[in-house]
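J.: Give the three-dimensional model of this entry:
(chains A and B)
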Amino acid sequence: MAIPTHAPDDGFVQLLTPEGERVDNPDFPLDISDDEIRALYRDLVLVRRIDAEATALQRQGELGLWAQLLGQEAAQVGAGRALVPGDMAFPTYREHGVAWCRGVDPLTLLGLFRGTTNGGWDPEEHGFALYTIVIGDQCPQAVGYAMGLQHDRAENAVMVFFGDGASSQGDVNESFIWASVFNAPVVFFCQNNQWAISEPLERQTRIPLFQRAWGFGFPGVRIDGNDVLACLAVSRHMLQRAREGAGPALIEAFTYRMGAHTTSDDPTRYRLDSDVEAWRLRDPLERVRSYLHKQQLVDQSFFTELDDEAEQLAERLRAGTRALPNPLPTDMFDQAYAEPHAVVDRQRAEFSQYLSGFAPEEV
Amino acid sequence: MAETLTLAKAINAGLRRSLERDSKVVLMGEDIGRLGGVFRVTDGLQKDFGEDRVIDTPLAESSIVGAAIGMAMRGYRPVVEIQFDGFVYVAFDQIVSQLAKMHARSSGQVKVPVTVRIPYGGGIGAVEHHSESPEAYFAHTAGLRVVTPSNPVDGFHLVQQAIACDDPVVFLEPKRRYWDKAEVDASAAPPLPMGSARVVRAGLALTLVAYGPMVRTCLEAAAAAESDGTSIEVVDLRSLSPLDLDTVVQSVRRTGRCVVAHEASVFLGMAAEVAAAVAQECFYELESPVLRVGGFHTPYPPSRLEGHYLPDLDRVLDTVDRALAY
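T.: Down below sits the predicted model:
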């Protein structure tokens, strides 16, 4: 497959306008059935519902924190659905939509934010690595995993997620170099949501982020991150390139963090409501909804059934979160090392002895 | 003109005072400008001192410290904020290999008066990497000074002393105590030099040594013990490098018993150093071995377990009881 040669001043790739009109891009043709588009819309709606429900659960005190993805559903669903079995995704802590596409139960994510676990899923089972909170740390790991695939002659690729803020980290830039010199099958998927907590994009870069790719020796492309079709098409293209041995690529999904950085953040301190409103017109769900309507691909029962499904999912999350079992105090000792460790064993014994002095309900 | 301030606001007042008094003081960090820091410790400072002196940096901790070193070489006195304890490891190389060693490497010719502010410790129900206690790494590194306030008054003065110091100082802020309040008299002279410990509660039967977030826990433990008729002395170390061993040793010589508490893992933690020094200096006065209470040799657990990981009142008193039972 030919490497698209995008000049650094190219605009972004868009296949579905905010008004719901399909447009073609010769570099990134998308062969997609109506069923697939309906399925993407379902993903978008359910992922948004997971996010809304988790935010509400945090407000109710059921979660310690929640990192909202509102506005980034298309980027995550488009990228997530481009991955195939055997591919591996390396997320940040906001990739709830990718997690959904990889079959990770959202309830597991809620456990992490409730504080019952620091992970909770098997990365290999889902092709979805653990969430990474320290900014950018997952990027070199993704390259290493891709090098493993390469050594195994596996016909798969890795996609690593990070944000505009992370693009400043040394680890991220080092991972670009590694991926390039080893021609590793890894796609860097940057969700540029314009904000690193309170810092605007201008604090991280003077040029469009995707243009950095050329300096490292691989192609970069900016896509409309609120257009699920563009995200799917370009992700598929770049992943396939990587699987076929053509090496890494950088995708900059141009999007917007509609919510706060996390539920601990107060964005009214640093950005204008009018900016947020302008992005509301570019909503990732509305354009697909409008397309489905205009093309008469759905009837009202489609939306009603989807609403019902979202409601059932929300109910399951509400009840499931409250029912998540607390970990056992001894878990922390049991999970620290893979093999017995004398210091930990002694501390576990002493602490168990200490706990046995309390009535069970006090522990 | 004393004023009731939280620890966060007291440190903010200390930073403000330093910015006013020395035009070479600059603040750098992530989200410290318009947002005022995620804990609002730098709230209002960019508005009052400008974007040249209160600088929002790119998201790159290694460069935050590295750039601070360069600015210090140019005659500035940078105060950098690492947003959370778990993010300082990204800057570890710059701190350990460069910041700590620059003075010695230059045969004493280059001073790097950089203050590295880090909110540290657990107890706020945070997600991973937001509850670390990395103090031993830094205290173990020659060339760094390490201090930690336990209360607003010390927060106000210590941060100014750290900034004024010609050596690099790691300034550890106990984040779960940010909202603790006290009367702070901004016109008063600093009550103690930066490197001094303080006896924060006098007692007779045992010396309880703590610092940062554990000082309040230990004071509460001492109060609880007193209601049971046991008189406990509490020492707030305030400085972890250097350690003010004189204050600790004098206390233990009076009480004959010593317990050291911290949130960090006790394995090779600060308490190990204190215990070794006390054993050496107070061998003939000790009525019991020096005991330690603190975190375990496990990664900091998910927040639902942090109540077990952190030494609380009960675990401190349990350790005190074991020391008294000898």
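
J.: Got the domain ranges for chain A?
T.: A:34-323, A:331-362 (automatic domain parsing).

J.: Which stretches in the chain count as helices?
T.: No chain in the question, so chain A it is. When secondary structure is read from DSSP state H, chain A shows helices at A:34-59, A:73-82, A:96-101, A:106-114, A:123-126, A:138-151, A:170-181, A:212-216, A:228-243, A:273-280, A:284-294, A:300-323, A:331-336, A:342-355.

J.: I was thinking of chain B, sorry if that wasn't clear
T.: Listed in chain order, the helices found in chain B under DSSP H are B:7-21, B:45-49, B:61-73, B:92-93, B:102-105, B:135-139, B:152-164, B:214-227, B:245-255, B:270-281, B:306-309, B:313-324.

J.: okay if I get those helices as a markdown table plus mean neighbour count and mean pLDDT?
T.: From N, CA and C alone the C-beta is placed, and that goes for glycine too. Putting those into a markdown table (neighbours: other C-beta atoms under 10 Å in any protein chain shown; pLDDT from 0 to 100) gives the following:
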| stretch | mean neighbour count | mean pLDDT |
| --- | --- | --- |
| helix B:7-21 | 22 | 98 |
| helix B:45-49 | 16 | 98 |
| helix B:61-73 | 21 | 98 |
| helix B:92-93 | 15 | 98 |
| helix B:102-105 | 15 | 97 |
| helix B:135-139 | 22 | 98 |
| helix B:152-164 | 25 | 98 |
| helix B:214-227 | 21 | 98 |
| helix B:245-255 | 19 | 98 |
| helix B:270-281 | 19 | 98 |
| helix B:306-309 | 20 | 96 |
| helix B:313-324 | 18 | 98 |
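
J.: on that earlier part again, now the domains of chain A as TSV including mean pLDDT and mean neighbour count?
T.: Listed next are those as TSV, based on pLDDT from 0 to 100; neighbours: other C-beta atoms under 10 Å in any protein chain shown:
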stretch	mean pLDDT	mean neighbour count
domain A:34-323	97	20
domain A:331-362	92	13
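
J.: just to revisit the earlier point, can you say which of the helices of chain B is nearest to chain A?
T.: Evaluated with C-beta to the nearest C-beta, those place helix B:306-309 nearest to chain A, the distance being 4.5 Å.

J.: what's in contact with the closest one?
T.: Under the criterion C-beta atoms under 8 Å, 6 or more residues apart in numbering or on different chains, residues A:115, A:329, A:332, A:351, B:122-123, B:125, B:131, B:295-296, B:298, B:300-301 lie in contact with helix B:306-309.

J.: Can you tell me which of those end up in strands?
T.: B:Gly295 (DSSP state E).

J.: List, one by one, the residues from the stretch 251-363 of chain A near chain B.
T.: Within the stretch 251-363 of chain A, the positions near chain B by C-beta under 8 Å from any C-beta of the partner chain are A:264-265, A:269-270, A:326-327, A:329, A:331-333, A:335-336, A:341, A:343-344, A:347, A:351, A:354.

J.: can you rerun that using 10 Å?
T.: Counting by C-beta under 10 Å from any C-beta of the partner chain, the residues of the stretch 251-363 of chain A close to chain B are A:261-262, A:264-267, A:269-271, A:324-337, A:341-348, A:350-351, A:354-355, A:357-358, A:362-363.

J.: Next, the contact list for the closest residue to chain B within chain A, please.
T.: Among the residues of chain A, A:Gly115 lies nearest to chain B; the distance is 3.1 Å by C-beta to the nearest C-beta. By C-beta atoms under 10 Å, 6 or more residues apart in numbering or on different chains, A:Gly115 lies in contact with A:63-65, A:324, A:326-327, B:125-128, B:301-306.

J.: okay, now the closest residue to chain A within the stretch 201-326 of chain B: neighbour count?
T.: Per C-beta to the nearest C-beta, the residue of the stretch 201-326 of chain B with the smallest distance to chain A is B:Ser303, at 3.1 Å. Using other C-beta atoms under 10 Å in any protein chain shown, the number of residues around B:Ser303 comes to 25.
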